[in-house]
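**Student:** mind looking at a prediction? Sequence and model below.
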Amino acid sequence: MSDKSHINHLLWLTVATIFISTSGALGKFIELPTPIIIWWRSALAGVFLLLFCLAKKISLKVNSGRDRWTFFLASIFMGAHWITYFYALKLSNVAIGMLSLFTFPVIIALLEPIFTRIKFDPMHVLLGIIVLIGIFILAPEFDLKSNQLQGVLLGVLSAVCYSIRILILKTHATNYNGTMLMFYQVGILAIVLMPSLYFLESSNIKTQYPYVLLLALLTTAIGHTLFINSLKYFKASTASIIGSAQPVFGIIIAYFFLNEIPTLHTFVGGSLILATVFIESVRSKKI
């Protein structure tokens, strides 16, 4: 790969990271019930991703019944991840929601031996302890009535759901195109969440539609597709390190568009969490 080509791919990976980072500010800003937001996000992203798959002639064939169940389970955990994440954003703020979610690399490392034959690494226990300290600093007021603590706990629950989804896909769906996988997941999720349109209030979608469209197109369809595509040119560890800048970009976006200013606790706790992401990404790099 030439230097110019490498810089170009690096630029697109950074753009993908910035696009995905908009989820924090948009999730906090959109004034709709969370399941309704996720339904619109899934349904619209499904349309965009289907058109992309057809244009690029990406196969939509599912090879077996077992894989169909894998897609379904992955969709359910992705839905749980998105819903708990958006509740975390609304209860606390963008910084706490995104930083709590970014405990997922260490959670994946701790859960992976359960899902695969990978040997347990004691170093992951140490990283897990550092993450717990970071979470403790993020929410120094351990009162369950505190919105900040509820936001942190939901953010970590979101990270657990996201980790399980990744491990399910990694274990059972490694032979499929990433965009095709994303299409099926958002398509299934849109069907599962359809009853929420009947039970929850969504009349103000007319005023929120531009922001929901941004969430579906910019954050979900384009952001995730660009990020998946970048894995062709970079090691997963490199992409993970750059991807760990998402909370940083998200906090900057929230500062300019929502006027959210992080506290010292957020900076210190967040730094510990992101440090573990960086350490694990570097350690997982294949020599």
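**Tutor:** Nice, I can see it. Numbering: from 1, shown residues only.

**Student:** residue 200 and residue 37 touch, don't they?
**Tutor:** No: counting by CB atoms under 8 Å, residue 200 does not reach residue 37; the two are 10.2 Å apart. C-betas here are computed from N, CA, C, even on glycine.

**Student:** so which of those two has more stuff around it?
**Tutor:** residue 37 (27 against 14; other CB atoms under 10 Å).

**Student:** low-confidence ranges in this structure?
**Tutor:** Residues of the chain that meet the criterion pLDDT under 70 lie in 1-3, 140-142, 235-237, 284-287.

**Student:** centre-most residue in it?
**Tutor:** residue 162 (6.9 Å; CA atoms, centre = their mean).

**Student:** nearest residue to that residue other than its sequence neighbours?
**Tutor:** In this structure, residue 162 finds its nearest non-sequential neighbour in residue 81, 4.2 Å apart by CB to CB, 6 or more residues apart in numbering.

**Student:** and residue 224, by the same measure?
**Tutor:** With CB to CB, 6+ apart as the criterion, residue 224 has its nearest non-adjacent residue at 5.8 Å, and that residue is residue 182.

**Student:** and the gap between that neighbour and residue 159?
**Tutor:** In this view, residue 182 and residue 159 are 19 Å apart by CB to CB, to the nearest Å.

**Student:** tell me who's in contact with residue 67.
**Tutor:** Contacts for residue 67 (CB atoms under 8 Å, 6 or more residues apart in numbering) come out as 172, 173, 176.

**Student:** could you look up the SS state of it?
**Tutor:** helix (DSSP: H, G, I helix; E, B strand; the rest coil).

**Student:** which parts of the protein are helices?
**Tutor:** Listed in chain order, the helices found in the chain under DSSP state H are 3-29, 34-55, 65-91, 94-101, 104-115, 123-138, 147-172, 178-192, 196-199, 205-214, 224-230, 236-243, 246-258, 264-283.

**Student:** return the most buried member of those helices.
**Tutor:** helix 94-101 (a mean of 29; mean count of other CB atoms under 10 Å).

**Student:** tell me what that helix is packed against?
**Tutor:** When contacts are defined as 3 or more CB pairs under 8 Å, 6 or more residues apart in numbering; DSSP states H and E, helix 94-101 packs onto helix 3-29, helix 65-91, helix 123-138, helix 147-172, helix 246-258, helix 264-283.

**Student:** out of those, flag the one nearest residue 187.
**Tutor:** For residue 187, the closest of the helices and strands packed on helix 94-101 is helix 65-91, at 8.1 Å, according to CB to CB.

**Student:** residue 110 contacts residue 128, correct?
**Tutor:** Yes: look at residue 110 against residue 128 with CB under 8 Å: they come within range, at 5.8 Å.

**Student:** common neighbours of those two, please.
**Tutor:** The contact sets of residue 110 and residue 128 do not overlap (CB under 8 Å, 6+ apart).

**Student:** quick one on the thing from earlier: contacting residues around the residue nearest to residue 162?
**Tutor:** Neighbours of residue 81 in contact, by CB under 8 Å, 6+ apart: 158, 159, 161, 162, 165.
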